[in-house]
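*Asks:* structural data only, the sequence is not supplied:
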């Protein structure tokens, strides 16, 4: 603001800026300024760097390659890479299966707990138990429980006489994927259950009573009154979950780290392997962008659904 | 709703059993790990399995802190201190900055409000692993890799959007008339905030703070790449120390898991009511 090379225009704009910052209008921007600065410097600038890097063949061991622009070649190579497509497909499937199952199980649990008249508060506290576990702990816990020689699951099956050979939960490709999905569901079903339970408790009674008087059965009441009312809560939970769905990386990292033989490889584990272990930062950042877009698409989709459901509710009330 | 539908006794029992089984699945895995932390290694590895602990021991914890003669300890005490310092500092700063932002969104209408709110939320969408790649490059160049400061900066940025979301909801719950009345009585807006709105939002802010603390405390993906040594390694990263060896030290890891979970357990318990209210209110209304 002090450099006045253009004596006629500069002072007026700077005066304009000063006047703006002294006015009432500036207050919200000033309040938001620190937040904006932090997000700019710790998220946006790194993302721009990441974007640039994804167009170079940057290798950690050769610092000069950061300026080696190679256009879309990283993305082209990804498109032709079967390993990448497997990881991408698996990640997409993982998110879809996990979110849907968590939603259904959470809804079921919320409906059950809502029917219990005594000790609901205690039940809700118990439901929060898995939410306290960091993903890395959930991963460790199920690595231990699904361990083929000393794990809780195999031990129990042995002692019940159901199996004579240990089941290789984390060593067999299909079973390992099942174990990971199980761990993910264990970790996050509670979020759905708790939010949907809050929704059920806020459910107005009059429409339900009116429907009953009009001769609706329980299923019809659920389908046409309870469920539409719960939908915003479902979308909140979905939005929150899709925001941090990538924390499944921590879990998979400790449980299988993409193994056996890449059968549980997700986009996130493949990315770290490419970037940090193989030093191919350019390629890894290209994958990073694919994963960011995937996350944003999921979150944005549910956020749109949420706003739509909210305005729908606003109109109904 | 439940009062309306008259259930038959078998239905009532089916519901109870269903809830009981669900609670069992939700609690047993975690409790099993906690139990393991207090059992000797021989018992855990025994075949056939020993279900009821015969011997209780604190040796696993002693080993973590190098108090046991049998094995050299890991620098777990240092990891714990790192985790604590990093989580507390980043939370404190994120709450102050986020609260200012949340207040701006709750009380003012200004140009670009909607897109800006969305932009903050979208910044939170970026997966930690993906963000770790450029941050690793950038922090290495700036020389703040493997420092507490570097990680604090990152956790601040992670926690600010969610704090804004929560506090926006909490401030909107407080009737604007209260602060306006105070201003008519001669308070400045600044005074009205500290005397009226801040005390009313305090419990909500506390839960936002606890939520931020837990996010930092539990974070792994970024910390695993941005820390290298005892100078800045946090507890979740330290947990992986055990798997670097050929044999996994189950009891040692369980003991460390207990150390990670206890603060989370206590804090979540305190915050549970506000957390649910905050999440649903911020979203629905």
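*Replies:* Received it, and whenever you're ready, just let me know what you need. Since this is a predicted model, take the numbers as computed values, not measurements.
*Asks:* okay, residue A:147: pLDDT?
*Replies:* pLDDT, residue A:147: 89.
*Asks:* do residue B:278 as well
*Replies:* 63.
*Asks:* and residue B:232, which of the three is it?
*Replies:* Recorded secondary structure, residue B:232: coil (DSSP: H, G, I helix; E, B strand; the rest coil).
*Asks:* need the phi and psi values for it.
*Replies:* phi -140, psi 0 (degrees, to the nearest 10).
*Asks:* surely it and residue B:151 touch.
*Replies:* Yes. With contact defined as Cβ atoms under 8 Å, residue B:232 counts as touching residue B:151 (5.9 Å). For every residue, glycine as well, the C-beta is placed using N, CA and C.
*Asks:* which residues do the two both contact?
*Replies:* B:86, B:226 (Cβ atoms under 8 Å, 6 or more residues apart in numbering or on different chains).
*Asks:* which one of the two has more residues nearby?
*Replies:* Taking neighbours as other Cβ atoms under 10 Å in any protein chain shown, residue B:232 and residue B:151 compare with residue B:151 leading, 30 against 25.
*Asks:* tell me the SS of that one?
*Replies:* Classified using three-state DSSP, residue B:151 is helix.
*Asks:* can you show me the helices along the stretch 151-285 of chain B?
*Replies:* B:176-184, B:189-192, B:198-218, B:221-226, B:235-239, B:250-284 (DSSP state H, counting those that start in this stretch).
*Asks:* got the phi and psi for residue A:56?
*Replies:* The phi/psi pair for residue A:56 (degrees, to the nearest 10) is phi -120, psi 170.
*Asks:* show me what it bridges to in the sheet.
*Replies:* Beta-bridge pairing for residue A:56 (DSSP bridges): residue A:69.
*Asks:* give me the number of residues near it?
*Replies:* Residues within reach of residue A:56, counting by other Cβ under 10 Å, total 21.
*Asks:* what's around residue A:293, how many residues?
*Replies:* 12.
*Asks:* any low-confidence regions in the chain?
*Replies:* No chain was given, so I picked chain A. Residues of chain A meeting the criterion pLDDT under 70: A:1-14, A:312-317.
*Asks:* my bad, chain B
*Replies:* Along chain B, the parts satisfying pLDDT under 70 run over B:1-7, B:68-73, B:244-246, B:273-285.
*Asks:* one more time with 50
*Replies:* Applying pLDDT under 50 to chain B flags the ranges B:1-4, B:283-285.
*Asks:* quick check, central residue of it?
*Replies:* When Cα atoms, centre = their mean is applied to chain B, the residue found nearest the centroid is residue B:214 (1.6 Å).
*Asks:* list the contacts for the residue nearest to that one when sequence neighbours are not counted?
*Replies:* In this structure, residue B:214 finds its nearest non-sequential neighbour in residue B:264, 5.7 Å apart by Cβ to Cβ, 6 or more residues apart in numbering or on different chains. Neighbour list for residue B:264: A:132-134, B:214, B:217-218 [criterion: Cβ under 8 Å, 6+ apart].
*Asks:* want to throw those residues into a markdown table with distance to residue A:272?
*Replies:* As requested, the contacts of residue B:264 are exported to a markdown table (distance: Cβ to Cβ, whole Å):
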| residue | distance to residue A:272 |
| --- | --- |
| A:132 | 26 |
| A:133 | 22 |
| A:134 | 18 |
| B:214 | 24 |
| B:217 | 22 |
| B:218 | 18 |
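*Asks:* which pair of the residues you listed spans the longest distance?
*Replies:* Comparing every pair within these by Cβ to Cβ identifies A:133 and B:217 as the most remote, at 11.4 Å.
*Asks:* could you check which residue of the stretch 51-200 of chain A lies nearest chain B?
*Replies:* residue A:134 (3.0 Å; Cβ to the nearest Cβ).
*Asks:* surely residue B:26 meets residue A:130?
*Replies:* Yes. Between residue B:26 and residue A:130 there is a contact under Cβ under 8 Å: 5.7 Å.
*Asks:* give me the common contacts of those two.
*Replies:* A:186, A:189-190.
*Asks:* so which of the residues you listed sit within helices?
*Replies:* Among the shared contacts of residue B:26 and residue A:130, the ones falling in helices (DSSP state H) are A:186, A:189-190.
*Asks:* what's the burial count for the one residue in the stretch 1-150 of chain B that gets nearest to chain A?
*Replies:* Taking Cβ to the nearest Cβ, chain A has its nearest neighbour within the stretch 1-150 of chain B at residue B:127, 3.2 Å off. Per other Cβ under 10 Å, the neighbour tally for residue B:127 reads 25.
*Asks:* quick check: it touching residue A:249?
*Replies:* Yes. Counting by Cβ under 8 Å, residue B:127 touches residue A:249, with 7.2 Å between them.
*Asks:* can you work out which residues contact both of those two?
*Replies:* With Cβ under 8 Å, 6+ apart as the test, residue B:127 and residue A:249 both reach A:268, B:221.
*Asks:* surely residue A:288 touches residue A:54?
*Replies:* Yes. Between residue A:288 and residue A:54 there is a contact under Cβ under 8 Å: 7.3 Å.
*Asks:* more neighbours, these two?
*Replies:* The neighbour count for residue A:288 versus residue A:54, taken as other Cβ under 10 Å, is higher for residue A:288 (30 against 25).
*Asks:* now the closest residue to that one other than its chain neighbours: which helix or strand?
*Replies:* With Cβ to Cβ, 6+ apart as the criterion, residue A:288 has its nearest non-adjacent residue at 3.7 Å, and that residue is residue B:130. Residue B:130 belongs to helix B:128-142 when assigned by DSSP states H and E.
*Asks:* again, but for residue A:35
*Replies:* Taking DSSP H and E as the criterion, residue A:35 maps to helix A:27-39.
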